[in-house]
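Undergrad: need a 3D model of the following:
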Amino acid sequence: FNMRRFENKIQQTYSNFWCRRREHQAFKIWCSDNPPPAILYDTNIDIKNVNVEHLKLKPDEWGQNALTDIGDAAFMRIFEDKRFIMDKSILRITEPCEFWFNVKVKEGTDFWDEFWKIQDVLEFNDQIVELGENAKRIFLHNFGGVARAKAKKHGYKVDDESIQHGGFHVVHLRAEKDWQNHCERWFSWIDRRDNCMNNTWHIGNVLLSEGISPALPVYLATGLSETDVRDLRNIPSMHSFFNIYTVVTKAMLGLTTDVGEEREYWAAVDFILGRDAEWFVGNSISTFSALMMEFRARRKMPVLPYNAGKMALEEIDCIRPNKMTLIPPVRPVIKWLFILPQNVEQYDVVYNMTMAAVNSALSKTRVVPVCVTTADPYSAIVVRLASMGVRIIHHTPKWTRDVNRMVERWNSVGERSFFQYFRPLKAEEVIARWLRIDLPMLGLLDDFALYTDVSVVFTDDVNWMDLLGENHLNLARSMERKMFPGPFFNNYAPPGKLGVPRFF
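TA: Down below sits the predicted model:
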């Protein structure tokens, strides 16, 4: 950080904080005519030759007023020993990381205002700011046009007037080995901590189903190396992310191929890009993502937790706004899901039914059409649906080979029944029929969604009261995941396989 600037700017903030608290002993120090420095930052100080005394609170003293308590403790220590000032000793407040998680920063309290005042005067040093700004310029110059051209081929609208912020998206993807290890420890079905790794390997589907435009390039903020990212590209469930969106890594911007031991340094560059992005998509358990989403939410900038669930820092009141950053159990806009088979010819029966259903939904309702398909992303019907505003999820189920073998055996039976002879099975039709069973694992953030076949025509708007009855809100709460003791879910439901829609 630019500590010189921070040192100068924070002095008045710190004095004002204590001047409003006459009942505290620390008021006498910091609200005087000549208060001592709030923060001492001097690279020329020889710590070895200066008396540094560490001041700590015991864990049982960590509470809601911990910061003011430690301020009073600092005053009493100085008051008791006048030589402390005469010898120009340094009093260093030393607290572990856990201490700061016990400091409650809730909107409407003094600490909420002070937290953001401090955040506002924090600036990265000149080198990092210059690096981040240069990275943004190169990013937009080299990949802005590429993303638009790619999106246009897929049928997505390219509307420059809709750009409100940076003209690019940032995805903070926590998939590093240390994060996977952390999630294994974090995961607790009983404590409802089950959204640490959710949707990580379906991040493309999350973006597509939430309507985040592929017409803008995506900066991948991550600690993964370029080799790790290359491996991600080969995971089938990640194909939508890398093939539909224009995903750009640090190496592609000429920054680094591996953050290595400099993760904090490169995280600062990620913060600069995330701060100015059109959309910021992050992991709600990650402290970096949480702070970025809180930072942007205060500025009315769009954010999305791709793993759904609650924000960890909000849940423990570490940073708690009045309006929590979470996706509600029942979202006001209903997602309507339907399946599109692989080989649909223009103007055949399935094509016509699909177009009729989609047009009726768009003209008669406020539902958001979401198409789940195994079809080629460049096929005529998929491109047309995307151009109409339908959100497309591309998915090839793992059981495709099993269906192909089953269909082959069915059609090769020696003595065929009338049905087998009259209409042999087609693998793509069987897959399309059963593709719905994979819907809960495709990265949808909605607890409730509406599913129908395409043989439907909407004649009026659809709402949850019509679908679920007058008690639909209570029903939503009652259908939340039940917690079961014992090791069953630890053994059979690993992190990343939970957080699925609970109602179709």
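Undergrad: list the buried residues of the longest helix along the chain.
TA: If you go by DSSP state H, the chain has its longest helix at helix 126-153. Neighbour counts over helix 126-153 (16 or more other C-beta atoms under 10 Å) mark 128, 131-132, 135-136, 139-140, 143-144, 147-148, 150-151 as buried. Backbone N, C-alpha and C define where each C-beta goes, glycine included.
Undergrad: and those residues as CSV, adding pLDDT and distance to Gln25?
TA: Below are the buried residues of helix 126-153 laid out as CSV (pLDDT from 0 to 100; distance: C-beta to C-beta, whole Å):
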residue, pLDDT, distance to Gln25
Ile128, 92, 38
Leu131, 93, 44
Gly132, 93, 42
Ala135, 94, 47
Lys136, 94, 47
Phe139, 95, 51
Leu140, 94, 53
Phe143, 96, 56
Gly144, 94, 57
Ala147, 96, 58
Arg148, 95, 61
Lys150, 96, 63
Ala151, 95, 61
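Undergrad: with distance to Ile203 added, can I get those residues in CSV?
TA: Formatted as CSV, the buried residues of helix 126-153 follow (distance: C-beta to C-beta, whole Å):
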residue, distance to Ile203
Ile128, 27
Leu131, 26
Gly132, 23
Ala135, 21
Lys136, 22
Phe139, 19
Leu140, 22
Phe143, 18
Gly144, 21
Ala147, 16
Arg148, 21
Lys150, 17
Ala151, 17
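Undergrad: helices or strands next to the longest helix of the chain in the packing?
TA: Here helix 126-153 touches helix 263-276, going by 3 or more C-beta pairs under 8 Å, 6 or more residues apart in numbering; DSSP states H and E.
Undergrad: which SSE is immediately downstream of the helix it packs on?
TA: On the C-terminal side of helix 263-276, the nearest following helix or strand under DSSP states H and E is strand 279-282.
Undergrad: for the helix or strand just after that next one, name the packing helices and strands.
TA: Following strand 279-282 in sequence order, the next helix or strand is helix 287-298 (DSSP H and E). Contacts defined by 3+ C-beta pairs under 8 Å, 6+ apart place helix 287-298 against strand 169-172, helix 263-276, strand 279-282, strand 303-305, helix 312-315.
Undergrad: what's the least confident stretch among those?
TA: With a mean of 84, helix 312-315 has the lowest mean pLDDT of those.
Undergrad: identify the bridge partners of Thr373.
TA: Leu340, His394 (DSSP bridges).
Undergrad: surely it touches Arg391?
TA: No: taking C-beta atoms under 8 Å as the definition, Thr373 is not a contact partner of Arg391, at 11.2 Å.
Undergrad: neighbour count: the two, which is higher?
TA: Taking neighbours as other C-beta atoms under 10 Å, Thr373 and Arg391 compare with Thr373 leading, 23 against 20.
Undergrad: what pLDDT does the model give His165?
TA: The model's pLDDT for His165 equals 79.
Undergrad: so who does the residue nearest to it when sequence neighbours are not counted touch?
TA: Take His165 and drop its neighbours on the chain: the residue closest to it by C-beta to C-beta, 6 or more residues apart in numbering is Glu278, 4.8 Å away. Taking C-beta atoms under 8 Å, 6 or more residues apart in numbering, we find Glu278 in contact with Ile163, Gln164, His165, Gly166, Gly167, Phe168, His169, Leu216, Pro302.
Undergrad: do the same with Ile392
TA: Contacts of Ile392 by C-beta under 8 Å, 6+ apart are Leu208, Val370, Cys371, Thr373, Pro377, Val382, Leu385, Ala386.
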